[in-house]
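> sequence unavailable; structure follows:
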């Protein structure tokens, strides 16, 4: 092993073996693997030596003791960067990382095509009552086709909350495929930028009142946690559908249950949950007008390969002292750059 070796580790799984292959081509990089149940005596030396932590984005698949938060960071004095496996960073306390001078990066955009396609699949399944007819056929209760009358999506209005990589692709598909009207809410984008991405900028309340389909495509953070609750569901039209492929805890599950039970909305497509996967007796799984999936919107062969490529390329860029493109906490850069130079003997670019 050459001197000044860069130490990287991960726990349990990676998005793609392409990640391993990419790092293996670098003789100056060592990749270690831990398991969720790795004993402390095995984990401690790996944690202590690590410069980079390739962390999974699914919070319920990673043992909480390996979530990137203050207690774990205290055991990793040499850590410079936490790199998530996906766009989300539920398993990372960004503030704790920033306080420790640790850079956080994600792989936003790597699975945008897969997630956007999932949104459209849910939208079509709900509007065409595909779940209801599937259930009726299997139960032997299909007696009258007219009882399962669907609706066209052509010309309808979709409201997108969060017009980033996924949201803008949803906007493009809905606008071009179905000539839908696209409205969006995103506090980080101005009207011109949103227009360039194919959407009209509106407030969240206006979006909820106007949209036939509401699609949640924003990250989970302090500003979006609990953003969609009873008040917001009450603003939606009775014929409207709620779709979320973002993160659990952005919407209030109990409020959604009550909205469906009271027929305040027409149905929902849910890919993300407070607990993942949800138990089979979860109240939302008892509604025929709910299309459910276990956080698999971004899980395709192509997306996983892309995410692995994104993560490996970005991490190598970081270890080579370059400024990466997908930084979650840019304010940490000065402190991070100082620690990087102390570790490797040269200052990173940027």
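All right, it came through fine. Computed from a predicted model, the values in this text were never measured in an experiment.
> where exactly do the helices run in the stretch 151-300 of the chain?
Under the criterion DSSP state H, counting those that start in this stretch, the stretch 151-300 of the chain contains helices at 165-178, 191-196, 204-210, 230-235, 253-261.
> highest mean neighbour count out of those?
For these, the stretch with the most neighbours on average is helix 165-178, a mean of 21; neighbours defined as mean count of other C-beta atoms under 10 Å. Backbone N, C-alpha and C define where each C-beta goes, glycine included.
> downstream neighbour of the top helix by length along the chain in the secondary structure list?
The helix of greatest length in the chain, counted in residues with DSSP state H as the criterion, is given as helix 301-319. Downstream of helix 301-319, the first helix or strand assigned by DSSP states H and E is helix 333-344.
> show me what counts as buried in that next one.
Applying a neighbour-count criterion of 16 or more other C-beta atoms under 10 Å, the buried positions in helix 333-344 are 333, 336, 337, 339, 340, 344.
> for residue 48, state which of those is nearest.
Taking C-beta to C-beta as the measure, residue 48 lies nearest residue 339 of these, at 15.4 Å.
> just to revisit the earlier point, mean pLDDT and distance to residue 287 added to the helices of the stretch 151-300 of the chain, as CSV?
Listed next are the helices of the stretch 151-300 of the chain as CSV, based on pLDDT from 0 to 100; distance: least, C-beta to C-beta, whole Å:
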stretch, mean pLDDT, distance to residue 287
helix 165-178, 97, 23
helix 191-196, 97, 33
helix 204-210, 98, 20
helix 230-235, 98, 14
helix 253-261, 98, 5
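> now distance to residue 70 too, for these, in TSV please.
Written out in TSV, the entries for the helices of the stretch 151-300 of the chain read as follows (distance: least, C-beta to C-beta, whole Å):
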stretch	distance to residue 70
helix 165-178	30
helix 191-196	36
helix 204-210	32
helix 230-235	33
helix 253-261	28
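> closest to residue 39 out of those helices?
When those are compared (using C-beta to C-beta), the closest one is helix 253-261, at 35.6 Å.
> who are the packing partners of that closest one?
Contact partners of helix 253-261 among helices and strands, from 3 or more C-beta pairs under 8 Å, 6 or more residues apart in numbering; DSSP states H and E: helix 230-235, strand 267-270.
> per-residue pLDDT, the nearest residue to residue 226 once chain neighbours are set aside?
Spatially, and ignoring its direct neighbours in sequence, residue 226 is nearest to residue 252 (6.1 Å; C-beta to C-beta, 6 or more residues apart in numbering). Note for residue 252: predicted pLDDT of 98.
> next, count neighbours for residue 252.
Using other C-beta atoms under 10 Å, residue 252 has 20 neighbouring residues.
> from here on, count from 17
All set: I'll call the first residue 17, so the last point we hit is now residue 268.
> now do the phi/psi pair for it.
In this entry, residue 268 is assigned phi and psi values of phi -90, psi 110 (degrees, to the nearest 10).
> out of the helices and strands packed on helix 269-277, the one nearest residue 67 is which?
Between residue 67 and the helices and strands packed on helix 269-277, the tightest spacing by C-beta to C-beta is seen for strand 283-286, at 38.2 Å.
> what sits up against that closest one?
Residues from elsewhere that reach strand 283-286, judged by C-beta atoms under 8 Å, 6 or more residues apart in numbering: 135, 138-139, 141-142, 257-261, 272, 276, 300, 303, 305-309.
> just to revisit the earlier point, of all the helices and strands packed on helix 269-277, which lies closest to residue 107?
Smallest distance to residue 107 across those (C-beta to C-beta): 20.7 Å, for strand 283-286.
> surely residue 309 is in contact with residue 134?
Yes - with contacts counted by C-beta atoms under 8 Å, residue 309 reaches residue 134, the gap being 7.3 Å.
> the two - which one has more neighbours?
residue 134 (24 against 17).
> the more buried one falls within a helix, correct?
Yes - secondary structure assignment places residue 134 in a helix (DSSP: H, G, I helix; E, B strand; the rest coil).
> quick check: pLDDT value at the nearest residue to it once chain neighbours are set aside.
Residue nearest to residue 134 in three dimensions, not counting chain neighbours: residue 313, with 3.6 Å by C-beta to C-beta, 6+ apart. The score at residue 313 is 96. That number is its pLDDT.
> and what of residue 156?
On the pLDDT scale, residue 156 is placed at 93.
> how about low-confidence regions in this structure?
Residues of the chain that meet the criterion pLDDT under 70 lie in 17-19.
> all strands of it, in order?
With strands called from DSSP state E, the chain shows them at 22-27, 45-50, 68-71, 97-100, 119-121, 173-177, 197-201, 216-217, 229-232, 257-260, 283-286, 306-308.
> tell me which of those lies nearest to residue 365.
Minimum separation from residue 365 across the strands of the chain (C-beta to C-beta) falls at strand 119-121, 13.3 Å.
> of all residues in the protein, which one is nearest the centre?
Per C-alpha atoms, centre = their mean, the C-alpha nearest to the average position across the chain is that of residue 104, at 4.0 Å.
> how close does that one sit to residue 26?
Going from residue 104 to residue 26 by C-beta to C-beta, to the nearest Å gives 16 Å.
> go on, residue 81?
According to C-beta to C-beta, residue 81 and residue 26 sit 15 Å apart.
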